[in-house]
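1. I need the structure of the sequence given here:
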Amino acid sequence: MSGLERMLRIKIHQEYWGAMIFRDLVERHNIAHPKAVSDLAHRLIENAASLYSINNLTGYLKSLGHRVPKSSVADYLKWFEDAYILFSIQIFDASAARRNTNPKKIYCIDHALAVSLGSGMLVNSGHLLEKLVFTALRRITPEIYYYKSTSGRETDFIALLPDKSRMLVQVCEALIRPETLKREDSALAQAMSEMKIKKAFIVTRTEDETISVEPGIIDVVPAWRFLLSLPSV
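-> All right, here's what the predicted structure looks like:
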């Protein structure tokens, strides 16, 4: 894609984004601080696939000069989801209180928008891959969480599928470095053991192998194969 085509695409996406924010949030909900909503949305897109809390988002808006209470920030997040723009996932936990008090992770539903609305700095391609996997899982189930083991190791996704089974998925762009492979499969193996799941996935860009661990099997699969393997709705 030429530089001109890329700039045109970015301009179109940014104009579409502005119209969507105004129509689906500011106008619909009569928001008194539209710039705060726009700044919050950009902050979340910049940090997609990362953890956030209402407190740190409120503090960020305060640092920009917005006097927005935590209750309004919580409303904005709900309205982003209602407009099918940004989605949050909670930690997987039987306790609703712990789910609500732990940090959440944020994902933009539109991959192209996330790229075009970025700051122009180096794109985190690993996070882009994670967002792609989230979007694919979200098409088949709204029940998606991240998992943290008893030792504090994190697995990117645990999805509750329509057939009532549970799918554990770790996303990693590449497993070339031995320490990366050890970190990812150790976290996933512990989650498998605690959740009593015998098969899990590590989604990469190109790698393809099967790893035997004590709880069962980890399939390392390229993203294209994983996406094609997901059940249809």
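2. isn't residue 135 right next to residue 111, touching?
-> Yes: between residue 135 and residue 111 there is a contact at 6.7 Å, judged by CB atoms under 8 Å. C-betas here are computed from N, CA, C, even on glycine.
3. so where's this structure shaky on pLDDT?
-> Within the chain, the ranges that satisfy pLDDT under 70 run 1-4, 118-124, 233.
4. can you list the domains in it?
-> 1-122, 124-233 (automatic domain parsing).
5. in contact with the nearest residue to residue 74 once chain neighbours are set aside, which residues?
-> The shortest distance from residue 74 to any non-neighbouring residue, by CB to CB, 6 or more residues apart in numbering, is to residue 54 (5.7 Å). For residue 54, the contact set (CB atoms under 8 Å, 6 or more residues apart in numbering) comprises 70, 73-74, 77.
6. can you rerun that using 7 Å?
-> Counting by CB atoms under 7 Å, 6 or more residues apart in numbering, residue 54 makes contact with 70, 73-74.
7. that one and residue 11, how far apart?
-> Distance of residue 54 to residue 11, computed by CB to CB, to the nearest Å: 33 Å.
8. distance of residue 197 from residue 37?
-> The gap separating residue 197 from residue 37 is 39 Å, by CB to CB.
9. those two: which is more packed in?
-> residue 37 (25 against 17; other CB atoms under 10 Å).
10. ok, the more buried one touching residue 20?
-> No: contact criterion CB atoms under 7 Å: residue 37 and residue 20 do not qualify, at 11.3 Å.
11. quick one on the thing from earlier: show me the contacts of residue 54 that map onto helices.
-> 70, 73-74 (DSSP state H).
12. mind putting the residues you listed into TSV with distance to residue 86 and neighbour count?
-> Formatted as TSV, the ones in helices among the contacts of residue 54 follow (distance: CB to CB, whole Å; neighbours: other CB atoms under 10 Å):
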residue	distance to residue 86	neighbour count
70	18	14
73	13	23
74	13	13
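13. and the residue lying closest to residue 103 once chain neighbours are set aside, what are its bridge partners?
-> Closest residue to residue 103 apart from its sequence neighbours, by CB to CB, 6+ apart: residue 51 at 4.0 Å. Note on residue 51: beta-bridge partners by DSSP bridges are residue 105.
14. now do the contacts for residue 51.
-> Counting by CB under 7 Å, 6+ apart, residue 51 makes contact with 103-105.
15. cool, and residue 190?
-> Taking CB under 7 Å, 6+ apart, one finds 149, 151, 153 in contact with residue 190.
16. same thing but at 8 Å, please
-> For residue 190, the contacting residues are 149-151, 153, by CB under 8 Å, 6+ apart.
17. over to residue 194?
-> Contacts of residue 194 (CB under 8 Å, 6+ apart): 149-150.
18. going by neighbour count, list what's buried in stretch 153-165.
-> Residues 153, 155-159 are the ones in stretch 153-165 that count as buried (16 or more other CB atoms under 10 Å).
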